[in-house]
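In: Based on what follows, work out the 3D shape:
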Amino acid sequence: MTANTPSGTTTSDIDVALVGGGIMSTTLGSFIKQLQPEWSISLFENLGQAGLESSDPWNNAGTGHAALCELNYSPAGADGSVATGKAVGINEQFHVSRQFWSHMISSGHIGSPKEFINPIPHMSFVWGDAHAEYLKRRYEAFKAEPVFEQIQFTEDPAQLAEWAPLVMAGRDPRQHVAASRVVGGTDVDFGALSRKLAAYLAGNGAGINYEHRVTDIARDTDGRWKLKVRDKATGQQKTVRARFVFVGAGGGALHLLQRSGIPEAKGYGGFPVSGQFLRCTDGSVIARHAAKVYGQAAVGAPPMSVPHLDTRFVDGQRSLLFGPYGGFSPKFLKTGSFLDLPLSVRPSNLVPMLAVAKDNLGLVKYLVTEVLKTREGKNQALREFVPQADGDQWELITAGQRVQVIKKDPKKGGVLQFGTEVITSADGSISGLLGASPGASTAAPIMVQVLERCFPTEFRNWEPRLKEMIPGYGVKLNDNPSLLAEITADTNRVLQLG
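Out: Numbering: from 1, shown residues only. From the prediction side, this is the model:
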């Protein structure tokens, strides 16, 4: 239903409003369209197409996180043991996403998988006796987990030179090096995938509104959510009333959840971290590297700043990145405002934000050091990974913004959380996602979680259909090796990863 209001704006009533056109909103919309096809859905994206902000591969959302190589997911304990639980959980979540994407392809909803996912080995690489010993213990712990049983390990420079020639060429032969590798890793272009899912929604009756900015969310008198939307092309103001709202606007989600007034959003703050990458411009260098090679974060650095030499596939082209180099901007989005951080401060989150500032001086020092680092300093960091790198063959690009979650803590006052956080109102009528890594790679299981929280009555009826979409739904694959093998083989076939 659409009507003209006295002010000349238009008002429409819908079932589901999706704010943001990234991988989270388009994934949730794709689930709902299949589970409840008669519901009306409208998506509102501030930019000119889907997947251009946090989901864009140049904005550091292209790894395909499966915890295969990211060492921060498997910390060493005081006794030297390596915890595998978090890594196993993330890997299982990625399997859920893979199953959902396979379903979307098998059902004819989206096209060629090669346009968004490609096979590439994932590696962890360290140097120094202590780091090598840790990586060996990690390998031994991971090898016992079925989801990581394909992991390999070596301290042999000759073997490493085969796995990652750029990393080893010109390296000091006296340096103690070690690496682990999983051949079955992937690279995912979440920008391309977001656009595929948005096209599926548009082709099945959903309203896709680009260049539309949601400026306010408030509860209407009848319990619906009233969204104020500005059409950037015409300047027209619209009002959209929705039974359910999902705020998947990346760094922009915090402001809108605060505007909604739900008590569940009170106390949350955000700490923005920006970054840069070096992108190789020489095709002969790019062709010599075929892996995602992750190292260890510097002392005081956030987990998202783990250095890596990263093969990516964007728009069908193979590329090579190194970074990231940390930085700071008060913007919550790459296309955001310098006022984003100060305008996010509320009486309810002031104490947590001050507590985080006090307890994370190492992070502040790291960011200041990174901001002041010269281009030659960045080249030197590159040469720690690629000893023979020529800085003239690499261009500096600006990555996306990440807003780390700040939340209340009864003991410390506030803590900085390096992960994702789903915020949902008590009645389930509005939900939103805050945080960063592993983010995009776990979009499917996170959106299933949103469905379960927000639609408990309908969810019971949806579960059989979800089981069809995700054959391993509700099962811990790490505890069921035979089902893990079957699902991996099936998704590899559909996603053309064999």
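
In: all contacts plus neighbour counts: C-alpha atoms, from now on.
Out: Fine.

In: which strand residues sit across from residue 416 in the sheet?
Out: In this entry, residue 416 is beta-bridged to residue 406, by DSSP bridges.

In: list the contacts for it?
Out: Going by C-alpha atoms under 8 Å, 6 or more residues apart in numbering, residue 416 touches 356, 404, 405, 406, 407.

In: My reading is that the second one lies in a helix. Confirm?
Out: No. With the criterion set as DSSP: H, G, I helix; E, B strand; the rest coil, the secondary structure at residue 404 is strand rather than a helix.

In: Which stretches in the stretch 1-150 of the chain count as helices?
Out: Defined through DSSP state H, counting those that start in this stretch, the helices belonging to the stretch 1-150 of the chain, from first to last, are 23-35, 85-106, 129-143.

In: Buried residues, the last one. List them.
Out: This points to helix 129-143. Using 16 or more other C-alpha atoms under 10 Å as the burial criterion, the residues of helix 129-143 that qualify are 131-143.

In: With respect to residue 448, which of those residues is nearest?
Out: Closest approach to residue 448 among these (C-alpha to C-alpha): residue 142, at 27.2 Å.

In: so the closest one sits right up against residue 84, yeah?
Out: Yes. With contact defined as C-alpha atoms under 8 Å, residue 142 reaches residue 84; the gap is 6.7 Å.

In: where do the contact lists of those two overlap?
Out: Both residue 142 and residue 84 lack any common contact, where contact means C-alpha under 8 Å, 6+ apart.

In: Can you give me the pLDDT of residue 418?
Out: Predicted confidence (pLDDT) for residue 418: 73.

In: what residue ranges in the stretch 151-300 of the chain score low on pLDDT?
Out: Low-confidence regions of the stretch 151-300 of the chain, defined by pLDDT under 70, span residues 298-300.

In: mind listing the strands for it?
Out: Taking DSSP state E, counting those that start in this stretch to define them, one finds strands in the stretch 151-300 of the chain at 152-154, 177-182, 186-188, 207-210, 212-219, 225-231, 237-247, 269-280, 292-294.

In: Walk me through which strands the fourth one pairs with, and which way each runs.
Out: The strands beside strand 207-210 in its sheet (DSSP bridges) come out as strand 41-45 (parallel).

In: Going by neighbour count, list what's buried in the strand it pairs with.
Out: Residues of strand 41-45 classed as buried: 41, 42, 43, 44, 45 (neighbour count, 16+ other C-alpha under 10 Å).

In: Dump the buried residues of helix 129-143 into CSV; add pLDDT as well.
Out: As requested, these are exported to CSV (pLDDT from 0 to 100):
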residue, pLDDT
131, 94
132, 96
133, 96
134, 95
135, 97
136, 97
137, 97
138, 97
139, 98
140, 97
141, 97
142, 97
143, 97
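
In: Can you tell me which of these is nearest residue 152?
Out: Of all the buried residues of helix 129-143, residue 152 sits closest to residue 139, with 7.4 Å by C-alpha to C-alpha.

In: residue contacts, the closest one?
Out: The neighbours of residue 139, taking C-alpha under 8 Å, 6+ apart as the test, are 151, 152, 153, 180.

In: if we can go back for a sec, for the buried residues of strand 41-45, which one is nearest residue 270?
Out: Proximity of the buried residues of strand 41-45 to residue 270 (C-alpha to C-alpha) peaks at residue 45, which lies at 21.3 Å.

In: Can you tell me how far that closest one is from residue 209?
Out: To residue 209, residue 45 is 6 Å away according to C-alpha to C-alpha, to the nearest Å.

In: Filter the contacts of residue 139 down to the buried ones.
Out: Neighbour counting by 16+ other C-alpha under 10 Å classes 151, 152, 153, 180 among the contacts of residue 139 as buried.

In: Return the set of residues that bridge with the last one.
Out: Beta-bridge pairing for residue 180 (DSSP bridges): residue 124, residue 153.

In: Assess the claim that it and residue 153 are in contact.
Out: Yes. Distance between residue 180 and residue 153: 4.3 Å, which falls inside the contact criterion (C-alpha under 8 Å).

In: what's near enough to touch residue 43?
Out: When the contact criterion is C-alpha under 8 Å, 6+ apart, the partners of residue 43 are 17, 18, 19, 20, 21, 25, 206, 207, 208, 209.

In: same thing but at 10 Å, please
Out: 16-21, 25-26, 29, 50, 198, 201-202, 206-210, 212, 245-246 (C-alpha atoms under 10 Å, 6 or more residues apart in numbering).

In: that older thread, quick check: neighbours shared by residue 180 and residue 153?
Out: Each of 123, 124, 135, 136, 138, 139, 160 lies in contact with both residue 180 and residue 153 under the rule C-alpha under 10 Å, 6+ apart.

In: which other helices and strands contact the helix or strand containing residue 397?
Out: Remark: residue 397 resides in strand 394-398, with elements defined by DSSP states H and E. Under the contact criterion of 3 or more C-alpha pairs under 10 Å, 6 or more residues apart in numbering; DSSP states H and E, strand 394-398 touches strand 269-280, strand 317-327, helix 375-385.

In: Quick check: neighbours of that strand in the sheet, parallel or antiparallel?
Out: Here the strand partners of strand 394-398, with direction, are listed using DSSP bridges: strand 269-280 (antiparallel).

In: Just want the angle from the partner strand to helix 375-385.
Out: Taking axes from the mean of the first three to the mean of the last three C-alpha atoms, to 10 degrees, one finds strand 269-280 and helix 375-385 inclined to each other by 80 degrees.
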